[in-house]
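Trainee: one predicted model, sequence on top.
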Amino acid sequence: MEGDSLWREVIDRKYGFEWGRWCSKEGRGSYGVCLWKYIREGWNIFEKHIKFEVGVSDRIRFWFDDWCCERPLNAVFLVVLSLVGNQQVAVSEVLCRADGVVHRNVILTRNAQDWELDEIAGFFSFLHSVKLGANGRDCMLWKHSGSNKFSVNSFYKVLTAQQHISFPWKSIWKVCVPSKVAFFSWTAALGKILTIDNLRKCVMIVMEWCFMCKKNGESIDNLFLCCEVAREFLGGILCRAGLSWVMPKRVVEVLACWNRHHNSSQLDEAWRMIPLCLMWCLWTERNDRCFNNRKRAVGDIWNFFVSSLFQWFSAIVLKGECSLSFCFLFSFLECNLVSHLVYFL
């Protein structure tokens, strides 16, 4: 920590600082706070990956900072936390040093119940086992490096590891769909399309409901995966394909695992087109209902999906030619296929 640096003093003077002076307060002024405001928003993520080394211990919170265990004490001793009066105390106020001896200063606000005694006994046993370091400066340490020093590289690895899967860019940009559909699918996978929940995050006052099922709040994952209409389409496609699959919770996870190998590369290509085409058709129908007050029946939406899939596959993959694999793949869709096949054949 650069506690004595000039930039730190400027930030502290302009915005103030939180308990312990480990970070500044949030910028709430009417002007001149935009840049630091967005930098400060990252603290809530950053603080989950730090721990503290006790020195003087007057800048470390006893209950809410990670200073002696793998996690803060408020997550370990919940019962004891509910019994103490002042929860925002420093380590130095609970573990007081005097003439080289550490005194424990914990005051409970009421008598303990019988079922609370075991945790309280464990808490005081833990306190007596804690050994404090020398009377130096309190230090912030980075959990994800051997030297306990922060690095951008280690933080980036932590942030990307939280996604559990790599971004499925091949399932978007390597699929034979129109460019506008690929860009839309990429935006949806990133969680950036303007569904109701994203509009509300932009402080827009709109009713929180799904235009497709008119029941749940509208989010990207709900609209394309959890909504009754989306579930009916996805379930129908998987059932006709002879697949039994537990649907993931997120669009990006569906794109990452939507793979199936056939005897033909054309069949593989068409299979990869299905989720992107379905999302595009559901989004088109959603916008028609929202802005044009036009509503298709479920069967008409299905026909729209099949028709779009046929057109894209014929124009992009087959380049206007006919293929037996083309007829074989879509035979499981079972919806006005004869009229579509007559058109393309």
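Mentor: Received, thanks. Residues are numbered from 1 along each chain as shown.
Trainee: from here on, just use CA atoms for contacts and neighbour counts.
Mentor: Will do.
Trainee: could you find the closest non-adjacent residue to Trp312?
Mentor: Spatial nearest neighbour of Trp312, chain neighbours left out: Val177 (6.3 Å); criterion: Cα to Cα, 6 or more residues apart in numbering.
Trainee: what about that neighbour, how many residues close to it?
Mentor: 25 (other Cα atoms under 10 Å).
Trainee: my read: it touches Ile316, true?
Mentor: Yes - contact criterion Cα atoms under 8 Å: Val177 and Ile316 qualify, at 7.3 Å.
Trainee: pull out the buried positions in stretch 121-133.
Mentor: By 16 or more other Cα atoms under 10 Å, the buried positions in stretch 121-133 come out as 123, 132.
Trainee: next one: it to chain centre, how far?
Mentor: 36 Å (Cα atoms, centre = their mean, to the nearest Å).
Trainee: export that stretch as CSV, just CAs?
Mentor: Taking Å, rounded to 0.1, in the frame of the first residue of the first chain, the C-alpha atoms of stretch 121-133 are listed here in CSV:
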residue,chain,number,x,y,z
ALA,A,121,-16.8,-21.9,23.9
GLY,A,122,-15.2,-22.6,20.6
PHE,A,123,-14.9,-18.9,19.9
PHE,A,124,-13.0,-18.2,23.2
SER,A,125,-10.9,-21.2,22.6
PHE,A,126,-10.0,-19.8,19.2
LEU,A,127,-9.2,-16.4,20.8
HIS,A,128,-6.7,-17.9,23.2
SER,A,129,-5.0,-19.7,20.3
VAL,A,130,-4.5,-16.5,18.3
LYS,A,131,-0.9,-15.2,18.2
LEU,A,132,-0.4,-11.6,17.2
GLY,A,133,2.7,-10.5,15.3
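Trainee: hmm, who's touching it?
Mentor: 54-55, 68, 77, 80, 104 (Cα atoms under 8 Å, 6 or more residues apart in numbering).
Trainee: give the contact list for Lys319.
Mentor: So Lys319 contacts nothing (Cα under 8 Å, 6+ apart).
Trainee: using the three-state scheme, assign it.
Mentor: With DSSP: H, G, I helix; E, B strand; the rest coil as the basis, Lys319 sits in coil.
Trainee: residues near the nearest residue to Pro178 once chain neighbours are set aside, how many?
Mentor: Leaving out its chain neighbours, the residue that sits closest to Pro178 by Cα to Cα, 6+ apart is Trp312, at 7.4 Å. Using other Cα under 10 Å, Trp312 has 19 neighbouring residues.
Trainee: what about the contacts of stretch 121-133, which are in strands?
Mentor: Among the contacts of stretch 121-133, the members found in strands (DSSP state E) are Arg104.
Trainee: from the contacts of stretch 121-133, pick the one nearest Thr160.
Mentor: The closest of the contacts of stretch 121-133 to Thr160 turns out to be Cys68 (Cα to Cα; 27.2 Å).
Trainee: ranges for the helices of the stretch 1-150 of the chain?
Mentor: Counting by DSSP state H, counting those that start in this stretch, the segments of the stretch 1-150 of the chain that form helices are 6-15, 34-40, 43-46, 78-83, 91-94, 117-129.
Trainee: what about the longest one, average pLDDT?
Mentor: It refers to helix 117-129. The average pLDDT within helix 117-129 is 86.
Trainee: and if you look at the second one?
Mentor: This predicted structure assigns helix 34-40 an average pLDDT of 73.
Trainee: the first one now?
Mentor: For helix 6-15, the per-residue pLDDT values average out at 76.
Trainee: identify each buried residue in that helix, please.
Mentor: Result for helix 6-15 [16+ other Cα under 10 Å]: buried residues 12, 15.
Trainee: tell me what that helix is packed against?
Mentor: Here helix 6-15 touches no other helix or strand, going by 3 or more Cα pairs under 8 Å, 6 or more residues apart in numbering; DSSP states H and E.
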